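# need coordinates for the following:
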Amino acid sequence: MGFIRPFLVFFLFYILIPCISAIIVHYNWNNFRKRFIASLSVVPSDKISDGVFIRKFGRLESIVRNSILWVNIDDNILWIDTSIIPIYSLETIDDDLLSCKNNIKQLSPAEMEGLFTGLQVYVSGEIVLKEGNYHLSGSKESLFILFSGRKEDFVPYVIAKSRYFNELWNPVTLLSLGIGMSILILYGLVVIQSNFPVAIISLALAGLPVSVFFPPAVFFYYFFRKLWLKGKKHIIKMDIDSFEMQFRNLKEEDYIKRYRLKGSLLLVSAIVVFTLGMIVQLYIIILLMVRFFNSI
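Predicted coordinates:
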């Protein structure tokens, strides 16, 4: 049982929890992308009035209170209640479309405090009239996106930048790795006198995430990133081309399927390379630690 415990902690905090959090992140942004594309298929109203669906660009006029924004849409003031409507931000649309950088993000309340007037906004959703003021409804179809750059490039950039480079790299993963590392270190130190081999394994597993930046794992990590980036670029191309086909009511072409297949194969290859690198690194760490403790 002693040998199993470090691997159980490793599996739970280094693999299972990060993978679950990555799936949730992937699902949330995939759902956002579907909502955005769906908003483009609805015929909008040209004028703002009660009960109509709009899809317009505007600018941020003012931050009225902690949770209320005023947006100028065609010289009409639209109220945005940020307590019920998520606020997304696309920092720039001037960089490479396939760079996998400057991803769109959902702003936290603290980040909203730093907003300034004049920012460009994209608004879609149903308008409701409350106490003589126009409000964007809090329905799940409503979207509010802050951005800077050319309006002509807005749609493909939202689709591309909502595909994250690595969904595993999120706050939950970092917290999970920290907790797992702490447990493994403490467990290794506790059992080092009574069960030396288990202690070595536990301490080696604890240092595995950090060791990825040292040889030989760093070389595997380099090729992992290269393969992963290529795979993500193929997936982004698939997203954009699939949208264009869907928007024009055209049948999906074979080359889009090839993007999907090639992208998936590259991502799987990247995972295999990274896993192999971690196995090699773990073996080397264990050998070094055994030699170190035997020498003292």
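# got the buried residues for the host helix or strand of L174?
Using DSSP states H and E, L174 falls within helix 171-191. Taking 16 or more other CB atoms under 10 Å as the neighbour-count basis, helix 171-191 is seen to contain the buried residues 173, 176-177, 180-181, 183-184, 187-188, 191. Heads up, the C-betas are built off the backbone N, CA and C, glycines and all.
# how about stretch 256-263?
Counting neighbours by 16+ other CB under 10 Å, one finds that the buried residues in stretch 256-263 are 256, 259-260, 262-263.
# before we move on, what about stretch 197-209?
Of all the residues in stretch 197-209, those buried under the rule 16+ other CB under 10 Å are 198-209.
# of those, closest to T117?
The shortest separation between T117 and any of the buried residues of stretch 197-209 is 42.8 Å, and it belongs to P209 (by CB to CB).
# show me the contacts for L208.
With contact taken as CB atoms under 8 Å, 6 or more residues apart in numbering, L208 is in contact with 10, 14, 278, 281-282, 285.
# which pair of the residues you listed spans the longest distance?
When those are compared pair by pair using CB to CB, the two farthest from each other are Y14 and I285, 14.2 Å apart.
# picking up where we left off before, lowest-confidence entry in the buried residues of stretch 256-263?
Here the lowest pLDDT out of those sits on I256, with 77.
# coming back round to it: who touches the helix holding L174?
The set of residues that contact helix 171-191 without belonging to it, under CB under 8 Å, 6+ apart, is 2, 5-6, 9-10, 12-14, 17-18, 21-22, 198-203, 205-207, 209.
# in strands, which of those fall?
Secondary structure assignment by DSSP state E places none of the contacts of helix 171-191 in strands.
# now the strands: where do they sit in this protein?
When assigned using DSSP E, the strands of the chain occupy the ranges 53-65, 68-73, 76-81, 88-90, 105-106, 120-130, 133-136, 143-147.
# of those, which is nearest E113?
Evaluated over the strands of the chain, closeness to E113 peaks at strand 53-65, with 8.0 Å, by CB to CB.
# send the alpha carbons of that closest one over as PDB?
Written as PDB, here are the backbone C-alpha positions of strand 53-65 (Å, rounded to 0.1, in the frame of the first residue of the first chain):
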ATOM      1  CA  PHE A  53     -32.900  41.400 -31.000                       C
ATOM      2  CA  ILE A  54     -29.900  43.500 -31.900                       C
ATOM      3  CA  ARG A  55     -26.300  42.800 -33.100                       C
ATOM      4  CA  LYS A  56     -24.300  46.000 -33.100                       C
ATOM      5  CA  PHE A  57     -21.000  47.600 -32.500                       C
ATOM      6  CA  GLY A  58     -20.800  50.600 -30.100                       C
ATOM      7  CA  ARG A  59     -18.500  52.100 -27.500                       C
ATOM      8  CA  LEU A  60     -18.300  52.100 -23.800                       C
ATOM      9  CA  GLU A  61     -19.900  55.400 -22.500                       C
ATOM     10  CA  SER A  62     -19.600  55.200 -18.800                       C
ATOM     11  CA  ILE A  63     -19.400  53.000 -15.700                       C
ATOM     12  CA  VAL A  64     -22.400  54.100 -13.700                       C
ATOM     13  CA  ARG A  65     -22.100  51.800 -10.700                       C
END
